[in-house]
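Novice: the following comprises the amino acid sequence and a computationally predicted model.
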Amino acid sequence: MNPLEHLCEIAASFHARGLAFGSTGNLSIREGERVWITPTGCSLRKVAPEMMALIDMDGKALNGCKASKEYPFHLAAYRAAGERAGALVHLHCTYTVALSCLADLDEAEPLPVFTPYYLMRVAPLAVLPYFRPGSEELAGAVGAAAVKHDAMLMRNHGVITLGRTMDEAVDRCEELEETAKLWFLLRGREVRELSAAEREEIGRVFKR
Ligand SMILES: [Zn+2]
């Protein structure tokens, strides 16, 4: 399938499953020194390939479509992550945003390791301070975190995940949202987390 059609299918699926709502969320893919990104002010429900904005690595428009206002952090992530980033997913999905708003969030380890899949796809999850959406400060923080992290939680805002492919970025984002959901479901209960030895084994066998 054409990568833009694939991206639009994923966007619609996020909306259909309630992971994106209103006109929130934006997705992009990198193609060499150019980035295809979802347009500003448009619901992911109805984004189509001909509506996708094409920009260069300085943010200059290369076609007639206007890029999402959050494009600066997409570019910052691509610059910092190099080959690890061929695609980026940014959503305001409910459980992840709820996690990002907790005053007592443990920023060093924002989620417990309940399952091996969180370790394989998400951890270590970076926590970024709150900055105004679309601001240079936010792009700077994303760029700094993207050097090492493929998943970022933005305080009082949402999530960014990177992947070599769009499917990888999507898997990561969905795994994070489900883990955040588990965390709220299990809050206040005695929980068995993966032990240090079990984590080490996953790290060894399933190297990313
Ligand atoms: Zn956002």
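Specialist: Structure received. Residues are numbered from 1 along each chain as shown.

Novice: C-alpha from now on. contacts and neighbour counts both.
Specialist: OK.

Novice: please name the residues that touch residue 53.
Specialist: 36-39, 61-67 (C-alpha atoms under 8 Å, 6 or more residues apart in numbering).

Novice: run the chain-centre distance for stretch 111-130.
Specialist: 12 Å (C-alpha atoms, centre = their mean, to the nearest Å).

Novice: ok, and the closest non-adjacent residue to residue 4?
Specialist: Leaving out its chain neighbours, the residue that sits closest to residue 4 by C-alpha to C-alpha, 6 or more residues apart in numbering is residue 49, at 5.5 Å.

Novice: what's the pLDDT at that neighbour?
Specialist: At residue 49, the model reports a pLDDT of 96.

Novice: wait, it sits on residue 3?
Specialist: No: using C-alpha atoms under 8 Å, residue 49 makes no contact with residue 3, being 9.2 Å away.

Novice: these two - which one has more neighbours?
Specialist: residue 49 (16 against 13; other C-alpha atoms under 10 Å).

Novice: ok, and what's touching whichever strand or helix holds residue 11?
Specialist: Assigned by DSSP states H and E, residue 11 falls within helix 3-16. Contact with helix 3-16 is made by 20-21, 27-28, 44-49, 52, 166, as judged by C-alpha under 8 Å, 6+ apart.

Novice: repeat that for 10 Å
Specialist: Residues from elsewhere that reach helix 3-16 (C-alpha atoms under 10 Å, 6 or more residues apart in numbering): 1, 18-29, 36-38, 43-52, 87, 89, 91, 93, 165-167, 170, 174.

Novice: tell me the first helix or strand C-terminal of it.
Specialist: strand 26-31.

Novice: can you tell me the strand partners of that following strand and which way each runs?
Specialist: strand 34-37 (antiparallel), strand 87-91 (antiparallel) (DSSP bridges).

Novice: buried stuff in the first one?
Specialist: Spelled out, it's strand 34-37. For strand 34-37, burial by neighbour count (16 or more other C-alpha atoms under 10 Å) applies to 34-37.

Novice: what two of the residues you listed have the greatest distance between them?
Specialist: 34 and 37 (9.7 Å; C-alpha to C-alpha).

Novice: find residues that contact each of those two.
Specialist: Counting by C-alpha under 10 Å, 6+ apart, the residues touching both residue 34 and residue 37 are 54-55.

Novice: and stretch 94-114, end to end?
Specialist: One end of stretch 94-114 sits 19 Å from the other (C-alpha to C-alpha, to the nearest Å).

Novice: show me how far it is from its chain's centre.
Specialist: 15 Å.
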